[in-house]
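Peer 1: Structure for the following, please:
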Amino acid sequence: MSTQRVPAVDGWFSLDEHPHLIGGRCASCGTYVFPPRAGACPNPECESDELVPTALSRHGRVWSYTENRYAPPPPYKAAEPFEPYALVAVELEKEGIIVLGQAPKGILAPDLRVGMRMQLETDVLFTESNDQGETTEHMIYVWAPAAEVAS
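Peer 2: The predicted structure is shown next:
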């Protein structure tokens, strides 16, 4: 029996030991974007059309959060049985952009607070198995509470 881990969305994050988001950075003005994309810089004062793939910060602070208590409709695949989860908007430390993601299983809205330090991790969204006993875990990035850094 083997288990393979694959990202639920290709190209948005890494699955290495210290996962990170993959965004874009304008080659001219330095503006960051997430999710990654090609095309023009989103900064209205910049005329560049080159966004370079860039590893983004693994840490940030809660900007806002909410809790989802119902299963999203197809084509989204949720674990069975569905479990409520928190959605967290995190402002990245270095880039200053806000990235939305789920909190890990078991962390709900009462466990979060605005300004709380978070770190990027990965978690299983859903699992599929085939007749040969091979399992595929479809992974997502999640925002987990991080240890506070001493000032």
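Peer 1: what are the ranges of the strands in the protein?
Peer 2: 3-7, 22-26, 32-33, 51-55, 59-68, 85-92, 98-102, 117-129, 135-145 (DSSP state E).
Peer 1: Mind putting those into TSV with distance to Pro110, mean neighbour count and mean pLDDT?
Peer 2: For the C-beta atoms, the positions are set from N, CA and C on the backbone; glycine is no exception. Below are those laid out as TSV (distance: least, Cβ to Cβ, whole Å; neighbours: other Cβ atoms under 10 Å; pLDDT from 0 to 100):
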stretch	distance to Pro110	mean neighbour count	mean pLDDT
strand 3-7	29	12	91
strand 22-26	30	21	96
strand 32-33	31	20	96
strand 51-55	32	15	95
strand 59-68	9	17	96
strand 85-92	9	21	97
strand 98-102	16	18	96
strand 117-129	16	17	91
strand 135-145	13	19	94
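Peer 1: Could you dump those into a markdown table and include distance to Gly39?
Peer 2: What follows is the strands of the chain, written out as a markdown table (distance: least, Cβ to Cβ, whole Å):
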| stretch | distance to Gly39 |
| --- | --- |
| strand 3-7 | 22 |
| strand 22-26 | 9 |
| strand 32-33 | 9 |
| strand 51-55 | 7 |
| strand 59-68 | 25 |
| strand 85-92 | 21 |
| strand 98-102 | 19 |
| strand 117-129 | 25 |
| strand 135-145 | 23 |
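Peer 1: how far away is Asp123 from Gly96?
Peer 2: Counting by Cβ to Cβ, to the nearest Å, the separation of Asp123 from Gly96 is 25 Å.
Peer 1: How much space separates Met118 from Ala40?
Peer 2: 30 Å.
Peer 1: Correction: the previous question concerned Val9.
Peer 2: According to Cβ to Cβ, Val9 and Ala40 sit 22 Å apart.
Peer 1: what number of residues lie near Pro44?
Peer 2: Using other Cβ atoms under 10 Å, Pro44 has 6 other residues around it.
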